[in-house]
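Visitor: mind looking at a prediction? Sequence and model below.
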Amino acid sequence: MKWFLMLLIFVSGIYYLVNQHKREAAQKQMIELAKKDQVKALEEPPLPTKSERPYMMKFSLQTIKTLRALTQDSNEKVRFASVELLWQLQDESAPGAIKSMFENETEPDVKKRLIDMLAKDKSKLSLALLGEALKDYDRDVRLRAVEAIGNFSNKEAIQVLNRSLEDYDEEVRLKSLEAVNRIRRDIEAHKEQQLREIENKPLFRIE
């Protein structure tokens, strides 16, 4: 009887240890899966389609029509001021007007100001329009656009820079390479920071 009890205790102990090992393995697997899910979530968020503003004053249709017409004004300051206001109002004609100005505007300074304006909004729309500036005949305009795109810190910006990486001007190509490298570093630094936050954050909380 004594040997039977000892055997029973021994078998029970083995059974407990095996189950404990299985529980620990299952918990470890759950933690690994949770970490993988969180790492997947580290992909940089997609660029918004357009900038979001909490409040915008509504202009009358007649005022909007006047602003649209002023984008063709003979005065360069008027052209820029009108398209800038349309952009701020998120008017549907603004992207087309900006694209047209990149194609037809004769004053490089106006195009540079357009680039600076677009660079303030980290959106898909502003990135796409900055890509139009990479086609400009003026080297300084293309360089300004490359610099602006290099601050987007998103893989989509690298794709837009593919055009300028093949630019005929060697300085534009060089600045484009530097911009791509800057974007890469920013993305990697952002992911490393998020990974550190995940490692320092408990995955399970026992109440």
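Guide: Happy to help now that I have it.

Visitor: helices of the chain, residue ranges please.
Guide: 2-40, 61-70, 76-88, 94-104, 108-119, 124-133, 139-149, 155-160, 162-165, 170-200 (DSSP state H).

Visitor: dump the fifth one to CSV, restricted to CA.
Guide: If I follow you right, that is helix 108-119. Output in CSV follows, covering the C-alpha atoms of helix 108-119 (Å, rounded to 0.1, in the frame of the first residue of the first chain):
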residue,chain,number,x,y,z
PRO,A,108,9.6,79.8,-60.1
ASP,A,109,9.1,81.6,-56.8
VAL,A,110,5.3,81.0,-57.0
LYS,A,111,6.0,77.3,-57.5
LYS,A,112,8.4,77.2,-54.5
ARG,A,113,5.7,78.9,-52.4
LEU,A,114,3.2,76.3,-53.5
ILE,A,115,5.7,73.5,-52.5
ASP,A,116,6.1,75.1,-49.0
MET,A,117,2.4,75.3,-48.7
LEU,A,118,1.8,71.6,-49.6
ALA,A,119,4.7,70.5,-47.4
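
Visitor: list the buried residues in that helix.
Guide: 110, 111, 112, 113, 114, 115, 117, 118, 119 (16 or more other CB atoms under 10 Å). C-beta: built from backbone N, CA, C; applies to glycine.

Visitor: among the helices of the chain, which is the most enclosed?
Guide: Ranked by mean neighbour count, the helices of the chain are led by helix 139-149 with a mean of 23 (mean count of other CB atoms under 10 Å).
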